[in-house]
Every structure is written in structure tokens, then in C-alpha cells.
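Chemist: quick one, what's the 3D model for this:
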Amino acid sequence: MRKKRNAKVEWGRAPDIKKRLEILVNELNLEWLKKSRIYCFRSKNSKTNASARIWGFPRIWQEALGEKPAYVIEVISEKFDKLGFAEQDKVLIHEIVHIPKNFSGSLVPHIRRGKRSFHNKVDILVAQYLKKKKLF
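Modeler: Residues are numbered from 1 along each chain as shown. From the prediction side, this is the model:
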């Protein structure tokens with residue numbers, strides 16, 4: 001029998017994640033990412049199985065609100081904070097790969113095969129980052 005969770009999800013800004021994200025973007029030379037338009041939050045009491053997720057800002061909302069494209073990276077405190085530092089970086093790189101090169105507010109899906117394989121891109125960036133950090 002599953003235990004019911006009645007606690008509401010709580011979100012708060014995560015400046016520590018923002019700083020780590022900026023370091024990753026700089027180290028990996030991902031110059032198309034507009035760091036000022038990527039926001040980072042930490043949530044508690046979420047029912048998701050994920051350790052992090054990314055939220056896009058679709059074009060219809062951009063038009064309606066007169067705003068530019070933006071993204072929110074949410075780390076799930078109960079899961080993300082338990083990971084080691086290197087694993088956390090891998091999770092953040094995974095979320096970054098969801099941002100398309102045109103920084104439009106849309107999200108890149110998980111494509112499993114061929115040249116456009118999402119997971120291959122993640123693996124390449126993780127290897128590149130670990131090599132730079134001499135962890136590989």
C-alpha cells in the first residue's frame with residue numbers, strides 16, 4: 001500500500017544550481033544558451049520520479065505576455081540533492097540538451113536513434129566536461 005502524500009509542492013529559487021549551470025555552459029562552450037534567460041528552481045514534495053526537469057516557454061505565451069524565450073530548470077530536492085556532485089552535473093547537462101540551438105522556448109525531445117540521438121548528445125557533452133575537469 002502506498003503512503004499518501006498530501007504535502008503541496010514548494011518551489012524556491014536555486015542560486016547554487018544557477019551558478020553551476022553557468023559554469024557548465026561556459027566550460028562546454030554552449031554560447032547559444034542565453035544564461036540570463038535560464039532560471040533555476042529547487043522543488044520539494046514533488047511526486048515525480050525525475051531528479052530534475054526543464055520547463056520551456058512556448059511561443060504562444062511569449063506572444064501573449066510580450067516576453068522573450070526562457071527556460072526553467074527545476075531540480076527535485078529529494079532526489080537531486082542525494083546525488084554526488086558529478087552525477088548532479090550529468091543531470092544538469094541532460095536538461096541543458098533539451099534546449100534547442102535557436103533558443104526558441106521549445107524543448108528538444110528524447111530521440112533515440114540516428115545522428116539526432118538525444119542520449120548520444122548528452123553522452124558526448126558529459127565526456128567533454130569530464131575530460132576538461134580531468135575526471136575521466
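
Chemist: quick one, what contacts the most centrally placed residue in the chain?
Modeler: By C-alpha atoms, centre = their mean, the mean C-alpha position of the chain lies nearest to residue 95, the distance being 2.9 Å. Residues near residue 95 by C-beta atoms under 8 Å, 6 or more residues apart in numbering: 52-54, 73. Just so you know, the C-beta spots here come from the backbone N, C-alpha and C atoms, and that holds for glycine as well.

Chemist: go with 6 Å
Modeler: 52, 54, 73 (C-beta atoms under 6 Å, 6 or more residues apart in numbering).

Chemist: nearest residue to it other than its sequence neighbours?
Modeler: residue 54 (4.5 Å; C-beta to C-beta, 6 or more residues apart in numbering).

Chemist: before we move on, what about residue 43?
Modeler: residue 11 is the one closest to residue 43 (C-beta to C-beta, 6+ apart), at 5.0 Å.

Chemist: residues making contact with stretch 38-58?
Modeler: Here stretch 38-58 makes contact (C-beta under 6 Å, 6+ apart) with 7, 9-12, 14, 17-18, 69-77, 79-80, 91, 95, 98, 105-107.

Chemist: would residue 119 count as being in a strand?
Modeler: No - Residue 119 is assigned helix when assessed by DSSP: H, G, I helix; E, B strand; the rest coil, not a strand.

Chemist: ok, which stretches of this structure are strands?
Modeler: Remark: strands assigned in the chain by DSSP state E are 10-13, 38-44, 52-56, 71-76.

Chemist: nearest to residue 127, out of these?
Modeler: Ranking the strands of the chain by proximity to residue 127 (C-beta to C-beta) places strand 52-56 first, at 19.7 Å.

Chemist: tell me the gap between that closest one and the middle of its chain.
Modeler: Taking C-alpha atoms, centre = their mean, to the nearest Å, one finds the center of strand 52-56 at 6 Å from the center of the full chain.
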